[in-house]
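Engineer: can you look at this prediction? I've put the sequence above it.
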Amino acid sequence: MTEPGDKESNQEKMAAQVPKAFQRLMVSSLTPTFRNAISLETVPMVKPGPKEVVVKNRFVGINASDVNFTAGRYDPTKVPPFQVGFEGVGVVAAAGAESNFKVGQPVGYLHDGAFTEYKVLPTKFAIPLPSLKAEYIPLMVSGLTAAISFDEVGDLKKGETVLVTAAAGGTGQFAVQLAKKAGCRVIGTCSTDAKMEFLRSIGCDRPINYKKEDLNEVLKTEYPKGVDVVYESVGAQMFDTCVNRLALKGRLIVIGFITGYKSDIGYTPIKGGATLPPKLLTKSASVRGFFLFHYTNLWVEYLQRLVSMYHAGDLVSQVDRGEASGTGVFNKGLQSIPDAVEYLYTGQSKGKIIVEFPERNSKL
């Protein structure tokens, strides 16, 4: 039997192994070219406050909007240097006296500055996890975006037809599965035959390889009444096509517009912009934006639900470690992040791109 004193002693030993300094990525200049925007910084280890924890990262997630962050688009008043990265999974390396967390406890978090070896975090942003698994990363930004947006702005109903663009990507995979579990007919766009097979495996009723089939013609022919809900993350011509194919009272959820993220202006103008009002009016349709960080009050509730579904085998959480990237598996921590961001924009990834921090360097 372990005595309380023994537990405290073990935690003290583990905490003593935390290094005196660590490295993190910083945005040093504003540009959508991620590699040119960042620099590596070494900083002293910070002791957590009473209601803070220090998390040693084991996995971080790569998001299309990472380049929006390096371009300074989310907060124009923010000037370099500042931290970058949105989500991480790791273990508590040090815990404040009032944190209610223990050293060695697995946690996930969504917070600015995730691209770091150690993250100092207010405890309200630390979410307890059952274990350390890469598959928890997709459930956070990507899974939460799909789950919350469908409920809060999509008004998803059983029996509706749902179109998911970039359906084999990090967040698209969850939109497909959650729409299917809600009793909907699901269409998904992708760019390769391998992704077509993946989409079928997670329940997509009609995968469409838009490089081989004309999306507009497929929707017009096979779904003449239109699409009830569109989960849209591509933008440009894809957005126009989706608007044109909306059903009566259809809803288009904009969760991103990746086609414009790497441009200097930050977006690609939609060709049908001038005709958007009459298109929506004549169908009583709507275009609704969704930004996950406006729904922080729902994160814990929804993440716990997604984790439960994953463990029950009701939800696939596909991770892409970069095996097909050409630069090798993304398992070198901070060194792998620029390669991982660039890989995302090749359009070859399947599922959520994650970067792993080497376990051999772990102090815990």
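Structural biologist: Nice, I can see it.
Engineer: got a list of what Val84 touches?
Structural biologist: Applying Cβ atoms under 8 Å, 6 or more residues apart in numbering, we find Val84 in contact with Leu25, Met26, Val27, Ala37, Ile38, Asp66, Phe69, Thr70, Asp112, Gly113, Ala114, Phe115. (C-beta placed from N, C-alpha, C; glycine too.)
Engineer: out of these, the closest to Tyr231 would be?
Structural biologist: Nearest to Tyr231, judged by Cβ to Cβ, of the contacts of Val84 is Asp66 at 20.4 Å.
Engineer: over to the residue nearest to the closest one when sequence neighbours are not counted. Which of the three states is it?
Structural biologist: Here the nearest residue to Asp66 in space, its sequence neighbours aside, is Val341; by Cβ to Cβ, 6 or more residues apart in numbering that works out to 5.5 Å. Val341 carries the three-state label helix when classified by DSSP: H, G, I helix; E, B strand; the rest coil.
Engineer: list phi and psi for Val230.
Structural biologist: phi -120, psi 130 (degrees, to the nearest 10).
Engineer: which residues does it form beta bridges with?
Structural biologist: When bridges are called by DSSP bridges, Val230 pairs up with Leu163, Leu252.
Engineer: Pro128: neighbouring residues, count only.
Structural biologist: Around Pro128 there are 15 other residues, counting by other Cβ atoms under 10 Å.
Engineer: in a helix, Lys195, correct?
Structural biologist: Yes - according to three-state DSSP, Lys195 belongs to a helix.
Engineer: do I have it right that it meets Lys350?
Structural biologist: Yes - between Lys195 and Lys350 a contact is recorded at 5.9 Å, counting by Cβ atoms under 8 Å.
Engineer: what sits in contact with each of those two?
Structural biologist: Common neighbours of Lys195 and Lys350 (Cβ under 8 Å, 6+ apart) are Ala168.
Engineer: who's more crowded, these two?
Structural biologist: For Lys195 versus Lys350, the count of surrounding residues by other Cβ under 10 Å is larger for Lys195: 25 against 21.
Engineer: ok, that one to Val254 distance?
Structural biologist: Between Lys195 and Val254 the computed distance is 22 Å (Cβ to Cβ, to the nearest Å).
Engineer: same thing with Met140?
Structural biologist: Distance from Met140 to Val254, by Cβ to Cβ: 20 Å.
Engineer: which of these two has more neighbours?
Structural biologist: Neighbour count, other Cβ under 10 Å: between Met140 and Val254, Met140 has more, with 26 against 20.
Engineer: find me the pLDDT at the residue lying closest to Asp339 once chain neighbours are set aside, would you?
Structural biologist: Excluding its sequence neighbours, the residue lying closest to Asp339 (Cβ to Cβ, 6+ apart) is Thr327, at 4.4 Å. Reported pLDDT at Thr327 in the predicted model: 93.
Engineer: just the closest of the contacts of Val84 to Tyr210, please.
Structural biologist: Set against Tyr210, the nearest of those by Cβ to Cβ is Asp66 (24.2 Å).
Engineer: number of residues surrounding the closest one?
Structural biologist: 24.
Engineer: these two touch, right, it and Arg35?
Structural biologist: No - between Asp66 and Arg35 there is no contact under Cβ under 8 Å: 11.3 Å.
Engineer: farthest pair within the contacts of Val84?
Structural biologist: Ala37 and Ala114, at 15.6 Å, using Cβ to Cβ across the contacts of Val84.
Engineer: neighbour count winner among these two?
Structural biologist: Ala114 (29 against 24).
Engineer: ok, for the more buried one, nearest residue in space, not its chain neighbours?
Structural biologist: Closest to Ala114 by Cβ to Cβ, 6+ apart is Gly85, at 3.3 Å.
Engineer: cool, and Gly328?
Structural biologist: Gly322 (6.8 Å).
Engineer: gap between the one you found and Leu344?
Structural biologist: In terms of Cβ to Cβ, Gly322 sits 10 Å off from Leu344.
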